[in-house]
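# Let me see the structure of the following:
(one chain, ligands or ions: 2)
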Amino acid sequence: MSDTIVVISSPAGVGGVALIRVSGPDAVSAVTRFTACNSLKPRHATFSAFNNPDGTLLDEVVLTYFAAPHSYTGEDVVEIACHGSQYVQQTILQLLIDAGARLAEPGEFTKRAFLNGKMDLSQSEAVADLIASTNASMHQLAVSQLRGGYAATLASLRDQFVELTSLLELELDFSDEDVEFADRSKLHTLLEEVIQVCSRLVDSFQMGNAIKNGVPVAIVGKPNVGKSTLLNALLEDNRAIVSDIPGTTRDTIEDTLTLDGIMFRFIDTAGIRHSEDVIESVGIERSYQAAQKARIVLYLVDAREQDIEDQIAAFKKQVSLEGKTMLLLANKSDLLKSANSKNSQLTQICAKSGEGLLELKEQLVSLVKNDAVDANSQLVTNVRHYEALKQVLSACRQVRESMSQGVPADLVIIDLREALYHLGAITGQVTSDEILGSIFSRFCIGK
Ligand SMILES: Nc1nc2c(ncn2[C@@H]2O[C@H](COP(=O)(O)OP(=O)(O)O)[C@@H](O)[C@H]2O)c(=O)[nH]1
Ligand SMILES: [Mg+2]
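Ligands and ions are numbered 1, 2, ... in the order given. This is a model prediction of the structure:
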């Protein structure tokens with residue numbers, strides 16, 4: 001039997017109205033002792049006085065009662081909407097604690113929802129992601145996970161796996177009789193399906209992570225081509241120092257910008273050239289690293305330059321472009337003498353005047369949207385899921401290998417169990433206090 005918990009769910013500080021939530025077997029009695037009503041009607045909002053113990057009025061509140069099991073936590077829940085005064089909020093909280101409720105830990109409401117079967121573990125994590133979302137794409141990912149997302153697929157694959165594994169285990173009991181309960185071809189088909197689903201999800205992590213933390217876009221090129229000017233123009237801010245002295249930017253500078261609901265992380269880098277200067281050389285090395293880690297590389301050249309192809313070839317020797325998109329941009333288009341000297345292969349921009357930047361922004365957005373649509377919006381953004389999926393994959397590949405080599409069933413079962421464990425860890429079909437602790441402690445207070 002769990003105890004009754006209470007917390008202020010609205011953000012700290014003063015607001016028009018604040019929300020205090022109480023969950024547990026004594027939720028109703030703890031609250032109603034301070035009000036004139038003795039009972040509350042489920043799913044009804046009840047306007048009431050909330051009194052101090054001496055009978056004087058503390059505040060006028062609205063109480064909403066959700067009777068177990070039809071509540072967020074699955075327990076009796078009472079929500080108190082009071083006025084947003086700090087004093088009122090703190091006093092109500094303290095009175096309820098004096099009445100026997102306990103202050104909830106971060107994430108405890110959602111933890112109870114999970115433990116009472118109201119949602120699976122990946123949905124609980126989606127609640128935290130939803131609360132943390134600050135742009136449309138993060139929000140979209142959280143909502144899709146909240147609706148079940150890939151966890152539902154994984155749970156059903158796991159159920160089929162469980163069945164086959166128990167049949168295999170049954171065979172061991174009859175090992176003298178040489179019987180086969182588990183349909184090998186069914187097991188094979190299932191294995192292939194799990195491997196396929198998990199590989200796709202593992203691959204989606206890079207994109208999912210990019211959307212969550214900002215799609216990294218590195219701005220690279222020779223010194224003085226206008227990289228810092230471009231960064232400032234994109235951010236509409238004087239973030240990086242611009243000068244006509246080559247080698248001004250010696251370290252990477254980054255900042256985020258949200259375009260059409262997608263967060264981008266732009267990284268301005270030191271210009272790429274041969275340098276004897278120790279600090280500049282370190283900066284140049286960092287430029288390569290930033291480009292390597294980026295998902296999109298904006299390679300900037302001066303529109304008047306002649307050796308563009310050689311530059312790109314040299315750059316590709318330092319940075320592998322696999323899994324990335326590189327856009328070649330010719331800056332300082334204003335300095336080209338005539339329109340016909342423009343190289344039609346290159347996208348012309350003028351970072352100084354902002355010309356061509358609107359088109360560039362649109363191009364960046366469509367690059368990400370195409371990628372995300374490819375993955376059918378089932379993207380893994382959660383590191384815990386990513387790690388578990390990799391374990392599932394490696395165990396399943398091991399099973400496939402063992403089966404093709406005729407390894408005895410008792411050894412195959414060990415790897416199958418391993419795969420089952422990690423599949424179950426994603427949805428919470430198997431959990432440990434350690435996993436739960438690390439997930440829910442990261443929640444904000446009040447959820
Ligand atoms: N005419 C012209 N000058 C530019 C343009 N973009 C940058 N510059 C100038 O080029 C010089 C180098 O710019 P900066 O952004 O510091 O180059 P970085 O070394 O690549 O970061 C500065 O004097 C800028 O004002 C442009 O589109 N047109
Ligand atoms: Mg610079």
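
# Which stretches in the protein count as strands?
Per DSSP state E, the chain carries strands over the ranges 5-8, 17-23, 45-51, 57-66, 77-83, 102-103, 215-221, 253-259, 262-268, 296-302, 325-331, 347-348.

# Quickly compare those strands and say which is most buried.
Taking mean count of other CB atoms under 10 Å as the contact definition, the stretch among the strands of the chain with the greatest mean neighbour count is strand 215-221, which reaches a mean of 26. C-beta coordinates here come from the backbone N, C-alpha and C atoms, glycine included.

# ok and that strand relative to strand 296-302, angle-wise?
20 degrees (axes from the mean of the first three to the mean of the last three CA atoms, to 10 degrees).

# What angle do strand 325-331 and strand 215-221 make with each other?
Per the same axes, to 10 degrees, the angle that strand 215-221 makes with strand 325-331 is 40 degrees.

# Let me know the average pLDDT across strand 215-221.
Strand 215-221 shows an average pLDDT of 94 in the prediction.

# Just checking: what are the partner strands of it?
Sheet partners assigned to strand 215-221 using DSSP bridges are listed as strand 262-268 (parallel), strand 296-302 (parallel).

# gap between the helix or strand of the chain with the lowest mean pLDDT and the chain center?
Least confident helix or strand, the chain: helix 433-440 with a mean of 82, by mean pLDDT, DSSP states H and E. Relative to the mean C-alpha coordinate of its chain, helix 433-440 is positioned 17 Å out (CA atoms, centre = their mean, to the nearest Å).

# before we move on, what about stretch 189-199?
Going by CA atoms, centre = their mean, the spacing between the C-alpha centre of stretch 189-199 and its chain's C-alpha centre is 24 Å.

# need the residues of the protein near ligand 1, please.
Within the chain, the residues that sit near ligand 1 (CB under 6 Å from any ligand atom) are 223-229, 242-244, 248-249, 271, 331-332, 334-335, 350-352.

# mind running it again at 8 Å?
If contacts are counted using CB under 8 Å from any ligand atom, the residues of the chain sitting beside ligand 1 are 221-232, 240-244, 246-249, 268, 271, 300, 331-335, 349-353, 355.

# State the distance from the residue nearest the centre of the chain to Glu236.
Taking CA atoms, centre = their mean as the criterion, Thr381 is the residue nearest the geometric centre of the chain, at 3.9 Å. Computed as CB to CB, to the nearest Å, the Thr381 to Glu236 distance reads 28 Å.

# and the residue of the stretch 51-200 of the chain found nearest ligand 2, what is it in contact with?
As assessed by CB to the ion, ligand 2 sits closest to Asn135 within the stretch 51-200 of the chain, at 27.3 Å. Contacts were defined as CB atoms under 8 Å, 6 or more residues apart in numbering; by that measure Asn135 touches 258, 261-263.

# measure it to Glu236 for me?
17 Å.

# Contact partners for the residue nearest to the residue nearest to the centre of the chain when sequence neighbours are not counted?
Nearest-residue entry for Thr381: Gly208, 3.9 Å, with adjacent residues in sequence omitted and distances by CB to CB, 6 or more residues apart in numbering. The contact partners of Gly208, by CB under 8 Å, 6+ apart, come to 141, 379-381.

# Which ones among those lie within helices?
Members of the contacts of Gly208 lying in helices (criterion: DSSP state H): Leu141.

# what pLDDT does Arg158 get?
Checking the pLDDT column for Arg158, the value is 90.

# Helices of this structure, residue ranges please.
Going by DSSP H, the chain shows helices at 27-32, 86-98, 108-115, 121-132, 136-146, 149-173, 184-213, 227-235, 278-293, 308-318, 357-374, 383-404, 409-427, 433-440.

# Next one: the closest residue to Glu193 other than its chain neighbours from ligand 1, what distance?
The shortest distance from Glu193 to any residue that is not its chain neighbour, by CB to CB, 6+ apart, is 6.6 Å, and that residue is Leu157. Counting by CB to the nearest ligand atom, to the nearest Å, the separation of Leu157 from ligand 1 is 50 Å.

# ok now do Leu157, which residues does it touch?
When contacts are counted by CB under 8 Å, 6+ apart, Leu157 is found next to 190, 193-194, 197, 423.

# ok, which pair from the contacts of Asn135 is furthest apart?
Using CB to CB, the contacts of Asn135 span at most 8.4 Å, a distance reached by Gly261 and Met263.

# Quick check: neighbours shared by these two?
When CB under 8 Å, 6+ apart defines a contact, the residues bordering Gly261 and Met263 alike are 135, 137.

# Show me where the chain dips below the pLDDT cut-off.
In the prediction, the chain carries residues with pLDDT under 70 at positions 1, 338-344, 372-377.

# contacting residues for Ser137?
By CB under 8 Å, 6+ apart, the contact list for Ser137 reads 211, 261-263, 368, 372.

# Just want the phi and psi numbers for the closest residue to ligand 1 within the stretch 1-150 of the chain.
Ligand 1 sits closest to Asn135 of the stretch 1-150 of the chain, with a gap of 27.4 Å, by CB to the nearest ligand atom. Backbone geometry at Asn135, expressed as degrees, to the nearest 10, gives phi -150, psi 170.

# now Glu180
Note on Glu180: backbone dihedrals following degrees, to the nearest 10 are phi -120, psi 110.

# For the chain, what lies in contact range of ligand 2?
By CB under 5 Å from the ion, the residues of the chain that approach ligand 2 are 227-228, 249.

# out of the residues you listed, who has the most neighbours?
When neighbours are counted by other CB atoms under 10 Å, Lys227 leads those with 32 neighbours.

# Find the residue closest to it in space, skipping its chain neighbours.
Among residues not flanking Lys227 along the chain, Ile219 sits closest, at 4.7 Å (CB to CB, 6+ apart).

# That neighbour reaches Ile267, doesn't it?
Yes - with contact defined as CB atoms under 8 Å, Ile219 and Ile267 form a contacting pair (6.6 Å).

# dump the residue contacts of the residue nearest to the centre of the chain.
When contacts are taken as CB under 8 Å, 6+ apart, Thr381 is in contact with 129, 141, 145, 205, 208-209, 211-212.

# ok, of these, which one's closest to Arg397?
Ranked by distance to Arg397 (CB to CB), the contacts of Thr381 are led by Phe205 at 17.8 Å.

# Neighbours of that closest one, how many?
Using other CB under 10 Å as the criterion, Phe205 is surrounded by 20 other residues.

# ok, now Val179?
Quick note: Val179 (other CB under 10 Å) scores 11 neighbours.

# That one and Leu168 touch, don't they?
No - Val179 is not in contact with Leu168 according to CB under 8 Å; the separation is 11.4 Å.

# Do I have it right that Thr269 meets Ala291?
Yes - applying CB under 8 Å as the test, Thr269 and Ala291 come out as touching, 7.2 Å apart.

# Quickly list what's touching both of the two.
Joint contacts of Thr269 and Ala291 (CB under 8 Å, 6+ apart) are 218, 220.

# What separation do you get for the spatially closest residue to Gln292 that is not a sequence neighbour and ligand 1?
Using CB to CB, 6+ apart and skipping the chain neighbours, the partner closest in space to Gln292 is Val319 (5.3 Å). Plainly put, Val319 is 17 Å away from ligand 1 if you go by CB to the nearest ligand atom.
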